[in-house]
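S.K.: sequence? don't have it. structure:
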Ligand SMILES: O=P(O)(O)O[C@H]1O[C@H](CO)[C@@H](O)[C@H]1O
Ligand SMILES: O=c1cc[nH]c(=O)[nH]1
């Protein structure tokens, strides 16, 4: 058992006893947590709660905690990107697994259920706009996992991906992480597609979008949609899933990433009703959460 006492600079608490960025105290968090990228999506989720007990906000991290049909749920915005996922997951974990009085890891650890409700761009032409997709696995083009001591890296997969996608040495070594299969089962209905999600470090060049700047690897979009391993094609691009799956796996939490498909990069289409589609995914997710 690790009996380290965390110093003020490592476990940073605000004057009211809340954790540094999230601004939450342990009693303000439910153990079923929905993450969304956009702070403005938080009230779009919590408007379906029976009531909201806590509303806390700092920077892009906005949290509402309440109950949905009697089940305690928190919804928290992460902002965009896996750099924010690093902060959110370490602080969510600290809220349940570190004693803020003794500053030590608790003897009995709590495993959180974490469900991302996000948006995405599909890379296969047959994935309909406004459909829902569960990320069975996340491929990280970010480097977050490599900064943690871990034994979940898959070198064989990584080498194949680097070769097939012609990734240059200047880019982070990609990694692959799985969703939590037990948690995912609760969201596997007829309307949910399953896929392999690439998590990118940006929305434009890193996702092979070209406005005024040209991406360095001009073939990447085509290479991504052609790539296949163990019978799995890459289905979609977004910016958080690999970080969420990596941090959840390392910290012992269960996570699943649900995506509303707003763009199709192969056909060039974008949803005409993005808010309606996200709202449908929110209602679907809340309904399925009751079965956990
Ligand atoms: O809609 P959210 O949850 O933010 O997710 C997607 O949308 C953002 C980019 O527009 C990125 O965060 C990406 O992952
Ligand atoms: O194409 C898209 C759409 C939503 N979010 C992304 O990151 N990419």
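M.R.: Perfect, thanks for sending it. In this text, all values refer to a predicted model and were calculated from it rather than measured experimentally. Residues are numbered from 1 along each chain as shown. Ligands and ions are numbered 1, 2, ... in the order given.

S.K.: quick one: contacts for residue 70?
M.R.: Taking C-beta atoms under 8 Å, 6 or more residues apart in numbering, we find residue 70 in contact with residue 50. Quick note: C-beta positions are derived from backbone N, CA and C, even for glycine.

S.K.: phi and psi next, for it.
M.R.: phi 90, psi -10 (degrees, to the nearest 10).

S.K.: and the stretch 51-200 of the chain, which residues reach ligand 2?
M.R.: Neighbours of ligand 2 within the stretch 51-200 of the chain, by C-beta under 6 Å from any ligand atom: 119-121.

S.K.: give me that answer again for 8 Å
M.R.: Within the stretch 51-200 of the chain, the residues that sit near ligand 2 (C-beta under 8 Å from any ligand atom) are 118-121, 200.

S.K.: need those residues in CSV (columns: distance to residue 38).
M.R.: Output for those, formatted as CSV (distance: C-beta to C-beta, whole Å):
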residue, distance to residue 38
118, 9
119, 9
120, 13
121, 16
200, 17
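
S.K.: which one of these is nearest ligand 2?
M.R.: Closest approach to ligand 2 among these (C-beta to the nearest ligand atom): residue 121, at 2.3 Å.

S.K.: secondary structure element holding the closest one?
M.R.: In this assignment (DSSP states H and E), residue 121 forms part of strand 113-122.

S.K.: what pairs with that strand, parallel or antiparallel?
M.R.: Looking at strand 113-122 with DSSP bridges, its partner strands are strand 32-36 (parallel), strand 236-238 (antiparallel), strand 254-264 (parallel).

S.K.: now those as a markdown table including distance to ligand 1, mean neighbour count and mean pLDDT?
M.R.: Shown next, in a markdown table, are the strands paired with strand 113-122 (distance: least, C-beta to the nearest ligand atom, whole Å; neighbours: other C-beta atoms under 10 Å; pLDDT from 0 to 100):
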| stretch | distance to ligand 1 | mean neighbour count | mean pLDDT |
| --- | --- | --- | --- |
| strand 32-36 | 5 | 23 | 99 |
| strand 236-238 | 3 | 25 | 98 |
| strand 254-264 | 8 | 24 | 98 |
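
S.K.: would you convert those strands into a markdown table that also reports distance to residue 142?
M.R.: As requested, the strands paired with strand 113-122 are exported to a markdown table (distance: least, C-beta to C-beta, whole Å):
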| stretch | distance to residue 142 |
| --- | --- |
| strand 32-36 | 16 |
| strand 236-238 | 11 |
| strand 254-264 | 14 |
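
S.K.: which stretches of the stretch 151-292 of the chain form helices?
M.R.: 155-165, 181-185, 220-226, 241-251, 274-289 (DSSP state H, counting those that start in this stretch).

S.K.: if we can go back for a sec, how far out from the middle of the chain is the strand holding residue 121?
M.R.: Mean-position distance between strand 113-122 and its chain equals 6 Å (C-alpha atoms, centre = their mean, to the nearest Å).

S.K.: tell me how far the residue in the chain positioned nearest to ligand 1 lies from ligand 2.
M.R.: Residue of the chain nearest ligand 1, by C-beta to the nearest ligand atom: residue 37 (1.9 Å). From residue 37 across to ligand 2, the span is 8 Å (C-beta to the nearest ligand atom, to the nearest Å).
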